[in-house]
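Colleague: give me coordinates for this.
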Amino acid sequence: MKVLLQTFGTRGDILPFIFLGEGLLRNGHDASLIVTSTDGADYSSLCHQLNLPVSHVPAHGILLTPTQRKSVYQSSNPISGLKRALDDAIAPVAEQLFTYSATRFSAADAVISHATLYPARAAALASGTAHITVTLNPLEVPGIGPTVEISDILGRFADFLTWKTRQIAVDLFAKRTVSTIWAQAGLSSPGHVVPKMFLSDILNLIPVGCILWKSKSLSSPVHRVTGALLPSLSDSDPELPYRMEDFFRTGPPPVFMTFGSMQRLHPEEMLLLSCEAAKQGKFRAIVQTSPDTGFPHAVSDGDVFYVHQVNYSRIFPRCSGIVSHGGVGTVNEALRAGIPSLVVAFNYEQYAWGQKLAEYGAGCSPLRYRGLTAENLASRVTELISSRLLARRSKELARRARADNGVKKAVQYVEEALSRI
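Modeller: Next up is the predicted model:
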């Protein structure tokens, strides 16, 4: 089958689609990817390594201002965060995305797109192409409680009220904008933006580790929890820079500290906080920096080693702890590596993942970025790496996480859904 994948956002939104595309290629399908980057990243090199054709639309992505980046990615309110993402990241290029997608989709057997990318859904429906969505945040799926499994009538009622509130709010701020693209596609506007204008009615994949989220609370068999969409573990993965190998060999296992795309919001502050926390906590650290900030790469300064983009699958198993912003990909990489994690959350979704890790004994209680100090970060990291209980539980969960092949399961669900059409 010829399958087009389309996504937008930062690395956490784009990498799962790349690895899903790789899985489709391995199963003999003709897969390619359309990317709209909101952080200026170019994924051509990685996609080329995986033989996955990729197009960047617009060519240089969407250049959000610092204020826009903070409002989109640092919101403690899920509804306002979604509003900012739609207004600042999609609406300015919605017509361009729809036009480009419409020209590509008619020649495809199926389209798999980011659930929030409504121009892709409109183009798929207008062209009559089978459409599958991927929802990276389970909280956006009807029938899932805020952070806990639904087990009683009261819980189901509370979830219903939460979902209806979100549905009405999204209609109020997004329906007019989304309906413009629907009209351009010649489609009649459904009653609600969510789920009809966002989610597929054929198959909606939820790529989170089955350890962290149970599937039995889902409201419809259309929604399928796959497990995280991570790169395959392979001996052919690139070796680490020799300087990093030296750093690993010359002392005890370090703490890996990364704030992903969130670091771009406060680059100097996050770097200084990380280094000062390592100094106060007297632990060795590998601190990930952004290549576009001019910060160092592959160099050490005493007990701190600085690095840009690296292969988490190779590094995490050799660390004593992981400190991250709580992106779903990073959280699941840490789970797979069997290393306890601490989440420093910039928004509500990341905090929820931090709570899940603590609930399952794979990490400490999360911290929030607001009010974060080097002192409380050092204290929490010390708790993280000194707990034998967290280390043992993380190793136990790792065995289950490694068996949770999200890409393989997602490809299977896609093939099954398309075979029924």
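Colleague: distance of the nearest residue to R104 once chain neighbours are set aside relative to H223?
Modeller: With CB to CB, 6 or more residues apart in numbering as the criterion, R104 has its nearest non-adjacent residue at 5.9 Å, and that residue is L4. Where you see a C-beta, it was placed from the backbone N, CA and C, and this is true even at glycine. L4 is 22 Å from H223, where distance means CB to CB, to the nearest Å.
Colleague: those two: who's more crowded?
Modeller: L4 (26 against 23; other CB atoms under 10 Å).
Colleague: can you pull up the bridge partners for that one?
Modeller: Assessed by DSSP bridges, L4 has beta-bridge partners S32, V111.
Colleague: hmm, A169 is touching G81, no?
Modeller: No. Look at A169 against G81 with CB atoms under 8 Å: they stay out of range, at 11.6 Å.
Colleague: and the strand or helix carrying E349, what does it pack against?
Modeller: E349 is part of helix 348-359, with elements assigned from DSSP states H and E. For helix 348-359, the elements it packs on are helix 78-84, helix 328-337, strand 341-345, judged by 3 or more CB pairs under 8 Å, 6 or more residues apart in numbering; DSSP states H and E.
Colleague: where does the stretch 51-200 of the chain have low pLDDT?
Modeller: Residue ranges of the stretch 51-200 of the chain with pLDDT under 70: 142-159.
Colleague: what is the burial count for G361?
Modeller: Neighbour tally, G361, other CB under 10 Å: 15.
Colleague: so it versus P58, what's the distance?
Modeller: G361 sits at a distance of 44 Å from P58 (criterion: CB to CB).
Colleague: same check on L230?
Modeller: Distance from L230 to P58, by CB to CB: 28 Å.
Colleague: ok, now I168?
Modeller: 32 Å.
Colleague: could the helices and strands packed on helix 348-359 go into JSON lines alongside distance to A91 and mean neighbour count?
Modeller: Shown next, in JSON lines, are the helices and strands packed on helix 348-359 (distance: least, CB to CB, whole Å; neighbours: other CB atoms under 10 Å):
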{"stretch": "helix 78-84", "distance to A91": "10", "mean neighbour count": "19"}
{"stretch": "helix 328-337", "distance to A91": "25", "mean neighbour count": "26"}
{"stretch": "strand 341-345", "distance to A91": "26", "mean neighbour count": "27"}
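Colleague: so which of the ones you listed gets nearest V407?
Modeller: Closest to V407 of those, according to CB to CB: helix 328-337, at 11.8 Å.
Colleague: before we move on, the earlier item: got the CA coordinates for the helix holding E349 in CSV?
Modeller: Provided in CSV are the C-alpha atoms of helix 348-359 (Å, rounded to 0.1, in the frame of the first residue of the first chain):
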residue,chain,number,x,y,z
TYR,A,348,-0.1,19.9,32.1
GLU,A,349,0.6,16.9,29.8
GLN,A,350,4.2,16.6,30.9
TYR,A,351,3.2,16.8,34.6
ALA,A,352,0.7,13.9,34.0
TRP,A,353,3.5,11.7,32.6
GLY,A,354,5.7,12.6,35.7
GLN,A,355,2.9,11.5,38.0
LYS,A,356,2.5,8.3,36.1
LEU,A,357,6.2,7.5,36.5
ALA,A,358,6.0,8.2,40.2
GLU,A,359,2.8,6.1,40.5
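Colleague: okay, buried residues for it please.
Modeller: Y348, E349, Q350, Y351, A352, W353, G354, Q355, K356, L357, A358 (16 or more other CB atoms under 10 Å).
Colleague: return the list of strands paired to the helix or strand that it is followed by, each annotated with direction.
Modeller: Following helix 348-359 in sequence order, the next helix or strand is strand 367-368 (DSSP H and E). Sheet pairing of strand 367-368 (DSSP bridges) gives strand 341-345 (parallel).
Colleague: next, the angle from the partner strand to helix 328-337.
Modeller: Interaxial angle, strand 341-345 versus helix 328-337 (axes from the mean of the first three to the mean of the last three CA atoms, to 10 degrees): 170 degrees.
Colleague: switch to numbering from 24
Modeller: In the new count, where the first residue is 24, that last one comes out as strand 364-368.
Colleague: about what we covered before: what about L253 and P81, which has more around it?
Modeller: L253 (24 against 14).
Colleague: for that one, what are its contacts?
Modeller: F42, S336, G352, N355, E356, R359, G429, V430 (CB atoms under 8 Å, 6 or more residues apart in numbering).
Colleague: and the gap between it and F221?
Modeller: Taking CB to CB, one finds L253 at 24 Å from F221.
Colleague: over to I234?
Modeller: Going from I234 to F221 by CB to CB gives 26 Å.
Colleague: can you check T273 too?
Modeller: 50 Å.
Colleague: and if you look at V193?
Modeller: Counting by CB to CB, the gap from V193 to F221 is 9 Å.
Colleague: neighbour-wise, which of those two wins?
Modeller: Neighbours were tallied for V193 and for F221 using other CB under 10 Å; the higher tally belongs to F221 (24 against 21).
Colleague: sorry, back to before: what's in contact with the helix holding E372?
Modeller: Against helix 371-382 from outside (CB under 8 Å, 6+ apart): 98-101, 104, 160, 162, 169-170, 235-236, 348-351, 354, 358, 364-366, 368, 386-391.
Colleague: redo that, cut-off 7 Å
Modeller: For helix 371-382, the external contacting residues (CB atoms under 7 Å, 6 or more residues apart in numbering) are 99-101, 160, 162, 170, 235, 348-351, 354, 364, 366, 368, 386-389, 391.
Colleague: hmm, S98 is touching L105, no?
Modeller: No. The criterion here is CB atoms under 7 Å, and S98 misses it with L105 at 8.5 Å.
Colleague: residue contacts, the residue nearest to R127?
Modeller: Neighbouring residues of L27 by CB under 7 Å, 6+ apart: S55, I57, R127, F128, A131, V134.
Colleague: for it, give me the pLDDT.
Modeller: Note on L27: pLDDT of 98.
Colleague: ok, G361 next?
Modeller: G361 carries a pLDDT value of 97.
Colleague: and the gap between E299 and A397?
Modeller: Counting by CB to CB, the gap from E299 to A397 is 4 Å.
Colleague: kindly apply the preceding question to H246 instead.
Modeller: Distance from H246 to A397, by CB to CB: 41 Å.
Colleague: again, but for L73
Modeller: Going from L73 to A397 by CB to CB gives 39 Å.
Colleague: show me what the longest helix anywhere in the chain is packed against.
Modeller: Taking DSSP state H as the criterion, the chain has its longest helix at helix 176-207. With contacts defined as 3 or more CB pairs under 7 Å, 6 or more residues apart in numbering; DSSP states H and E, helix 176-207 has these neighbours: helix 101-107, helix 117-128, helix 141-150.
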